[in-house]
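Enquirer: Sequence first, predicted coordinates after that:
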Amino acid sequence: MLLKLDICFSPELLPLYDLRGQVAVIVDVLRATSTIATALAAGVTEVYPVGSLDECAALGREHGCLTAAERDGVAAAGFDMGNSPFELLHEDFPVRGRALAISTTNGTKALLGSLSAEAIVCGAFLNLQAVAEFCAAQQRDILVVAAGWKGQFCLEDTLLGGALAERLLPLGLDISHSDAALAAHELWQNAQADLPGYLLQSAAVRRLRKLEANDDFVFCTKIDIYPEVLPLWDGQKLVRR
Ligand SMILES: O=C(O)[C@H](CS(=O)(=O)O)OP(=O)(O)O
């Protein structure tokens, strides 16, 4: 049987999908899932995605987790870091061997809304190959859950869905049933020659540039920097597989 891939364009649309038996690929290219992949690549042992700032603070206080928290693109006050992957790569701020609790505007919401899936992984351009290999091995239908922006469609997460489809099509993936997947694949065809250039027109990049986080955008559009880093949900937390 051909495997299918579909795309849910925002967490608000999740009630329309039945995730049971499927692989959910949570995607928040700018920036949560890129930051989570970077954290695990940098030696963070486990990542706890949480919905509220209070839960994030409690995990820091009561369990000694590093805490990353952001709202509307800005680091929330009182936490170890915001939502930039570079904060996990500072030499003077060692993260290896530590657990991380993270709460962001869109990305953690997408993950916490997808818990009925058979398997849950985090996808970004940084770890696209790891995600593709996992999906190929699972032999289950795939739902790409785009974090979007405050319930709305976004280009960068949709493009990741298209790029994942492109990797899996030669293995027999079927996207013919889903206009969402077909559209994402078409978008990827247009963007792949110059992904950062294509995304310059996107709302997320305009937001990050206002926040002087353009370096984050450039980094998060690099493909397969971490081809073996797969953030996998173990029922309570994300661990590197
Ligand atoms: O910090 C981010 O990149 C975003 C915040 S927003 O889209 O700028 O409001 O959070 P995320 O949950 O990573 O989309």
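Expert: Now that the structure is in, tell me what you want to look at. Numbering: from 1, shown residues only.
Enquirer: Number of residues surrounding the closest residue to Lys237 other than its chain neighbours?
Expert: Spatially, and ignoring its direct neighbours in sequence, Lys237 is nearest to Glu46 (4.5 Å; CB to CB, 6 or more residues apart in numbering). (Each C-beta comes from the backbone N, C-alpha and C, glycine too.) Neighbour count for Glu46, taken as other CB atoms under 10 Å: 18.
Enquirer: could you pull out the helices for the protein?
Expert: Assigned by DSSP state H, the chain shows helices spanning 32-41, 53-63, 107-112, 128-138, 155-168, 179-191, 195-199, 203-210, 214-220.
Enquirer: for the nearest residue to Ala130 once chain neighbours are set aside, what are its contacts?
Expert: Using CB to CB, 6+ apart and skipping residues adjacent in sequence, the residue nearest Ala130 is Leu230, 4.1 Å away. Leu230 makes contact with 121-122, 127, 130-131, 134, 240-241 under the criterion CB atoms under 8 Å, 6 or more residues apart in numbering.
Enquirer: Try it again at 6 Å.
Expert: Contacts for Leu230 were tallied using CB atoms under 6 Å, 6 or more residues apart in numbering; they are 121, 130, 134, 241.
Enquirer: number of nearby residues for Lys8?
Expert: Let me fix one detail, which is that residue 8 is Cys and not Lys. Other residues within reach of Cys8, judged by other CB under 10 Å, total 25.
Enquirer: Distance of the nearest residue to Asn83 once chain neighbours are set aside relative to the ligand?
Expert: Setting aside the residues directly before and after it, Asn83 is nearest to Glu70 in space (CB to CB, 6+ apart), at 3.7 Å. Look at Glu70 and the ligand: by CB to the nearest ligand atom, to the nearest Å, they are 5 Å apart.
Enquirer: got it, and Leu187?
Expert: 19 Å.
Enquirer: Same question for Arg207.
Expert: 5 Å.
Enquirer: so Leu187 sits right up against Gly162, yeah?
Expert: Yes - if you go by CB atoms under 6 Å, Leu187 and Gly162 touch, sitting 5.3 Å apart.
Enquirer: and these two? which has more neighbours close in?
Expert: Gly162 (24 against 17).
Enquirer: contacting residues around the more buried one?
Expert: With contact set as CB under 6 Å, 6+ apart, Gly162 has these partners: 184-185, 187-188.
Enquirer: repeat for Leu66
Expert: 80, 98, 100.
Enquirer: so it bridges to which residues?
Expert: Beta-bridge partners recorded for Leu66 (DSSP bridges): Leu100.
Enquirer: How much space separates it from the ligand?
Expert: Here Leu66 is placed at a distance of 17 Å from the ligand (CB to the nearest ligand atom).
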